[in-house]
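# coordinates for the following, if possible.
(2 chains)
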Amino acid sequence: MKKVNALILTGFGLNCDNETAHVFELAGARSHKIHINALVSGKIKLADFHILAFGGGFSWGDDHGAGVIQALKLKDHIGRDLLNFVSQGKLIIGICNGFQALVNLGLLPGFDSDYTKRSVSITFNDCGNFRDQWVHLAANTQSPCVFTKNIDIADYPVRHGEGKVIAGQKVIDTLLANNQVVFRYADIQGIPAKGAFPLNPNGSMEDIAGICDPTGRIFGLMPHPEAYNHFTNHPDWTRKAQLLKRKGKTPGQEMTIGVKLFKNGVDYIKDSFF
Amino acid sequence: MIFCIEIALKKELRDAEGTSLIKKADSYFGINIQEARCINIVTIESDLDHSQLEVVKDEILTNPVTQVSSLKPLDIGFHWCIWIGFRPGVKDNPGATAMEAVTDHLGKTFGPDEGIYTSKRYCLKGDTLVRKDVEKLASELLSNSIIQQFKVFSIDEWDKDIGADVKPAKVILDHAPCFEVISIESDEQLAKISDERNLALNPRDIPVIREYFLDSKVIESREKMGLAEPTDLELEFISQARSDHCNHNTFQGIFRYKDASKNEEVVENSLFKTYIQDPTLKLKEKKEWVVSVLWDNAGVGRFDDENNYVVTGETHNSPSNMEAYGGAITGIVGVYRDPMGTGLGSKLFMGSFGYCVGDVNYNGPLKPPLHPRRLLDGVIEGVKDGGNKSGVPTTFGQTLFNPGYMGKSLVFVTALGIMPNQIKGRPSHEKKTSPGELIIMSGGRVGKDGIHGVTASSESYSENTPAGHVQIGDPYTQKKMHDFLLICRDEGLIPFITDNGGGGLSSSIGESAMISNGCVVWLDKVPLKYEGLDMWEIWISESQERMTIAVKPENLDRFMELSAEHEVESTVIGEYTDTGKLHIKYKDETCAYVDMDLLDKGFPSWEFDAIWLSPETRGLTEPVISSPSDFNKLLLSMLERPNLSSKEWILRQYDHEVQGGSVIKPMVGVKYNIPSDASVTRPVLASPKGLAFSQSLLPWYSKIDAYHMMTCTIDEAVRRLMAVGGNFNHIGGLDNFCWPNIGFDPNKNPDGTFKAAQLVRACRALKEACEKYEIPLLSGKDSMYVDGHLVGEFGERVKVSALETVQFSGTSVIDDISKCVTMDPKVSGDFVYVLGVTANELGASEYYDAFDKTGLNVPHVDFDKFKVVYKALQTAIENELVASCHAVARGGLGTHLSYMTMAGGLGMEVNLSDLPIDTSRGELLNETLLFSESAGRFIVSVSSENKNFFEKLFKGMPAGCVGFVTDLHDHLKVSGLHREVLIDLSMEELEKAFNKTFGDMI
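The predicted structure follows:
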């Protein structure tokens, strides 16, 4: 049986590589944690993988803009490999610091097949501080994003000081029109937050929490789906488990919506490449 | 050439930093700013040409979507402009990453005279702003003169072409490195030199030091190396090793303890040995899960069949009191090196914090180095950057307020790691150095920073305290090193590793070379931040983010290859030997040559008189306060008290779930805003096991008796673990003592003997608690000088001492995390129980504190009785009989019933007349039942289905069914001893009070 190979970047202050690797394994992939310099030196070839994950963390300490130096380094050293990876129809996911890197690389929003133009920025939260909180997300079911197939709502944690998605109005309008806005911050019913804090934790325009490129194969989001890899990660789990037990049911039987997001990606590769 | 690049947000975008400045200026100082914009300045000193500078500006430093930038000062309007920059030699993290980016992007290497430096300026608009206000903002909000400098410009003083005229903040020492020989003709002379050079040698050590260097054999062997009298480096080495911080002289000291009321007079020969080491070693024999204790950088316990966990805790009080951000970030990043340097190295998986500060609204005459409000802001931010950027979740933390901490506030930081129990078939908790192995220093470089930090933290704060030891931690550099070292560990390249913290190389090499019994160190190989350091400075510098590692010569190439791939600087700086000598060279010259066993040469123990005066002898009594008539108002005012109110704003700033293993978060409940009893984390994601972690701080009880402070603190930490589903058979302890000076001096410290007696009593309580609850002390530290001498109104200095404080941390391994319990009542109709007995124990309670009273009846812990209940609770939780569970702590039942009501979002109705009580310590009135802080108690909710099983399990124990959970309303309703309605408050009213004090902070 062929395995889907997921490459998770490590090094230079990235820090979500272990749980991202774990969740890809739960989703049926084989995870490979690879130091950025192993790609830079050519010791490891990006072409040998199906999914590339830009994980969370503080690459280069977030100095000079979150994800900026990481993007520059990858563009300088493996920019062409990245574009080839994209053109082969493979998948890229960027989470938190990874999302910040994707917009700085220009892989997102990727309008008109231009994967080098920086037109979206992710900047300091309106509240002026780093925040760790769980958010409700409404998924755009019209979006081409392969990771959110059959997902309509999801709860994940956000953990960032720079998560406010901003862009020129034209760019925002195009993102909306192309259904490239994948996740929006919402209330518990899935109705967008309309900027209301703390439902929208950072003041993102149009409550944007995640966007994809027009093909749906490159996806970036601020919340952390990999942090919902087990049912006990959810802040309501003890209450939900107690209610289930009263009904004679065992909690934790279903795949979390966090793992499901990665499984969508892994399944897509299996369908398209194997 | 020197160039400045200015970068700012586009003017139509919100400037979050500016907005925050406007808010703080108003709320802290009542200064009204209408508009504030922040400009980042990057100063480059190099030979880059114009086109290269444009590339750096546009491609590295400017975000085209959000920012504008220029090689000339940006034209942003203001009435006043404040420029803030680092002082030379202060760690400039963004400057260093900019150099890294320029090096990579342009392929440029920076020479010794080149560099990149960052600074900021703030453009302020406000019609009413005057220079005095602006200077106040610059000096008391935006910068700290210890690490930063500022300039203030009015618009008339501003030159649009020159701007802030920023110069590179580089260190130029212009000094040829050398070492000095110190004359030791007499004790007096050496004492004088010790004072002059800030060596902080204990006068009692001086004769021993002289005797060693005057020994004929020593003289003979030193002659061969060209040495006679001791060098400055050698004396610095001895001073570091003998400091209280490194050597724990207080806990190893002799205490003559007297208790007149009991006619007791005993000599305690070593508090450490008697009360910490002996009980822990006995428990280690008994508890197979205890792997390694009392010798390494952290203790080690078994997590599962394949992994061990590592735990340690530190304080970083003195530096944080002078530069709160720098002190705190250095503290958390520093404590994170301890697990990295335990055994063969562990991976960090969680951390925690504890802050004890003065009144944040203090407006009296005393002038602490930093106002408590500013200090707390800085400390919070330091741990935020240090913890978050290390990629380690901060899963627990407490903040408390007491005027005594204005003298010196406390910053506790705790670190936990996980490691496979075997590395290449060898136990991972064992490590040693062997002759022939190379000494490698990895991580950061060495500068003047941190010199004499250890000796300064062994002294009270005074006007002479050197400020130079305040540093800024660099979590980015350390995270790279952390990842790199774990790979080396797994490849079996590391036989020994330890961190460089207090004492720098002097401690790390000095201690590790004792194992191989010797070393030779080549100080000239140590990479420096800048030239011009003397040998002794290189040897004792506490520059951060460094580890000392032993590597076998045959593994050096692979080690260096991995080091290069991870972009971590590693350098061979010496070799372990078995010569019995610490031999330090600089190029061809020997600058130290002493025996490895020099420190065992009979240095005298410290001695203390400890005179205990019982609370009764001191005249403490219960206060006379009649029963209140308005319990609703009383409870709300309790919830508004800083020590009981919400501190959500602090916990939210900390990433508490990175690494994906969060099970019980620092806050729980329907609105995720109530502090939980303990945190639970899965350090091994594929395992169903979890690690529960709790901490407790109850320093107020020391006002009556530090013995009971200690027992209550430990009991609360244990209770918190039990409340989430902890395993009573596996509780690891960590004690962090913070004590005011105990050395008696009739003028400077007249109550020193009493404080020494308090310490003895706390240690006795520690032993009793650990034996009764079977808690091995996996790790522990002490910080012994938490006093300050604060300038008052008339130029006098007033000594302010902190309460005798112990932070106790507990760890427990939970087999099945799916059985963990949170404190929120979950289902209407469930019954509410209180486990444990409520007695008249309001002494030093939050309730008495509300009336400025202390009282006498401090809570007592009855370990034997309590543990029966704790074990039954464990059985109840393991059998899933409990829907919610909460440990009653500071503020008593009234406060904690309120927390539960808010956490559940459901109504609770409770009768105080059904509580299990004990009247042996006095009458129990409604206010006693509501606010007594009796230990050993829980509030539990149980379904009607499980009621019978639950009651059977607790038969014969104090367990009262006191009420029920309801969804008919969301009120907390409490009826009193005569079933009269005492309290009827809605969730909204409770929350309003709970959030009143700090609720608007983000």
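# the helices in the stretch 101-250 of chain A, which residues?
Using DSSP state H, counting those that start in this stretch, the helices of the stretch 101-250 of chain A run over residues A:169-177, A:237-246.
# and these: which comes nearest chain B?
Closest of the helices of the stretch 101-250 of chain A to chain B is helix A:237-246, at 4.3 Å (criterion: Cβ to the nearest Cβ). Where C-beta positions appear, they are placed from N, C-alpha and C, glycine not excepted.
# which parts of that closest one are buried?
A:237-239, A:241-242 (16 or more other Cβ atoms under 10 Å in any protein chain shown).
# could you dump these into a markdown table and include distance to chain B and pLDDT?
Formatted as a markdown table, the buried residues of helix A:237-246 follow (distance: Cβ to the nearest Cβ, whole Å; pLDDT from 0 to 100):
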| residue | distance to chain B | pLDDT |
| --- | --- | --- |
| A:W237 | 8 | 98 |
| A:T238 | 4 | 98 |
| A:R239 | 5 | 97 |
| A:A241 | 7 | 97 |
| A:Q242 | 5 | 97 |
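# what's the closest non-adjacent residue to residue 25?
You didn't pick a chain, so chain A it is. A:S31 (5.3 Å; Cβ to Cβ, 6 or more residues apart in numbering or on different chains).
# not what I meant, chain B
B:A25 sits nearest to B:I31 (Cβ to Cβ, 6+ apart), 4.3 Å away.
# quick one: secondary structure of the one you found?
coil (DSSP: H, G, I helix; E, B strand; the rest coil).
# ok, it - how many residues close by?
Using other Cβ atoms under 10 Å in any protein chain shown, B:I31 has 21 other residues around it.
# name the residue of chain A that lies nearest to chain B.
A:N15 (2.5 Å).
# what about that residue, how many neighbours?
A:N15: 29 neighbours (other Cβ under 10 Å).
# need the mean per-residue confidence for stretch B:176-194.
In this model, stretch B:176-194 has an average pLDDT of 91.
# compute the first-to-last residue distance for it.
23 Å (Cα to Cα, to the nearest Å).
# go on, stretch A:60-71?
11 Å.
# and the stretch 751-900 of chain B, which residues reach chain A?
Within reach of chain A by Cβ under 8 Å from any Cβ of the partner chain, the stretch 751-900 of chain B has these residues: B:817-818, B:820-822, B:824, B:826-827, B:880, B:883.
# give me the low-pLDDT residue ranges for the chain?
Picked chain A for this. A:1 (pLDDT under 70).
# think we crossed wires, I meant chain B
Using pLDDT under 70, the flagged stretches of chain B are B:453-469.
# next structured bit after the longest helix that chain A contains?
Longest helix of chain A, by residue count under DSSP state H: helix A:68-87. Sequence order places strand A:91-95 as the next helix or strand after helix A:68-87, per DSSP states H and E.
# just checking, what packs against the longest helix of chain A?
helix A:36-40, strand A:51-54, strand A:91-95, helix A:97-105, helix B:93-106 (3 or more Cβ pairs under 8 Å, 6 or more residues apart in numbering or on different chains; DSSP states H and E).
# make a markdown table from those and add distance to B:D133 to it.
Shown next, in a markdown table, are the helices and strands packed on helix A:68-87 (distance: least, Cβ to Cβ, whole Å):
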| stretch | distance to B:D133 |
| --- | --- |
| helix A:36-40 | 47 |
| strand A:51-54 | 45 |
| strand A:91-95 | 44 |
| helix A:97-105 | 37 |
| helix B:93-106 | 28 |
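# mean neighbour count and distance to B:C178 for those - can I get that in JSON lines?
What follows is the helices and strands packed on helix A:68-87, written out as JSON lines (neighbours: other Cβ atoms under 10 Å in any protein chain shown; distance: least, Cβ to Cβ, whole Å):
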{"stretch": "helix A:36-40", "mean neighbour count": "19", "distance to B:C178": "40"}
{"stretch": "strand A:51-54", "mean neighbour count": "27", "distance to B:C178": "50"}
{"stretch": "strand A:91-95", "mean neighbour count": "28", "distance to B:C178": "53"}
{"stretch": "helix A:97-105", "mean neighbour count": "28", "distance to B:C178": "46"}
{"stretch": "helix B:93-106", "mean neighbour count": "20", "distance to B:C178": "29"}
